[in-house]
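1. fold the following and give me the result.
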Amino acid sequence: MRANKLIILISILFLCACSRPKDLIYKGVDNFGYKQSGLTNSLVTIDLKLYNPNRYGLMLKSSDVAVFINNSHVGQAYLKDKKLIPARDTFTLPVVLNVDILRVIPNAYDLLTKKEITLKLDGIIRAGRHGVFLIMPVKYEGKQKIR
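-> The predicted model follows:
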């Protein structure tokens, strides 16, 4: 009987201590680069600046995020490698963006003449710790300055 109470108490403490991680906060982008150019598709590398509001580090395992510029889908962003995310800190996340050139052409004029665009990210990432990975949504929409 006493062992059952101890198991129940440990289970309750474990469940209370393991809360769902808070979503990562988007801070901006840096370091655009071309990995591979083609007539219809190109691979672009970018560094996303993100903030982890959690009091513990996370391991980012994979991502699948759709990227929209001025409400036009331009491609999918994929994580290059697994990444350890520090606790309560801003970090850069290198991603590869598979860009459909035919979808970028309608936005080419805006990209060349305007000082900012509307950037939208929509997708999921798999992150966790100690072997427990959760699917976390990525939703961001805002203005991004163009240099």
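2. in contact with residue 136, which residues?
-> Listed by CB atoms under 8 Å, 6 or more residues apart in numbering, the contact set of residue 136 reads 21, 23-24, 124-127. C-beta coordinates here come from the backbone N, C-alpha and C atoms, glycine included.
3. by pLDDT, give me the weakest of those.
-> Summarising pLDDT for these: the lowest-scoring member is residue 21, with 76.
4. that one: how many residues sit nearby?
-> Applying the criterion other CB atoms under 10 Å, we find 18 residues in the vicinity of residue 21.
5. also the one 3 residues further on?
-> By other CB under 10 Å, the residues close to residue 24 number 22.
6. and what of residue 77?
-> 21.
7. now name the helix or strand holding it.
-> Assessed by DSSP states H and E, residue 77 sits inside strand 72-79.
8. what strands line up against that strand, and which way round?
-> Within its sheet, strand 72-79 is paired with strand 58-69 (antiparallel), strand 89-100 (antiparallel), according to DSSP bridges.
9. tell me which of these sits nearest to residue 48.
-> If you check each of these against residue 48 by CB to CB, strand 89-100 wins as the nearest, at 4.5 Å.
10. tell me which residues of the helix or strand just after that closest one are tucked away?
-> Toward the C-terminus, strand 89-100 is succeeded by helix 101-104 as the next helix or strand (DSSP H and E). In terms of neighbour count (16 or more other CB atoms under 10 Å), helix 101-104 has its buried residues at residue 104.
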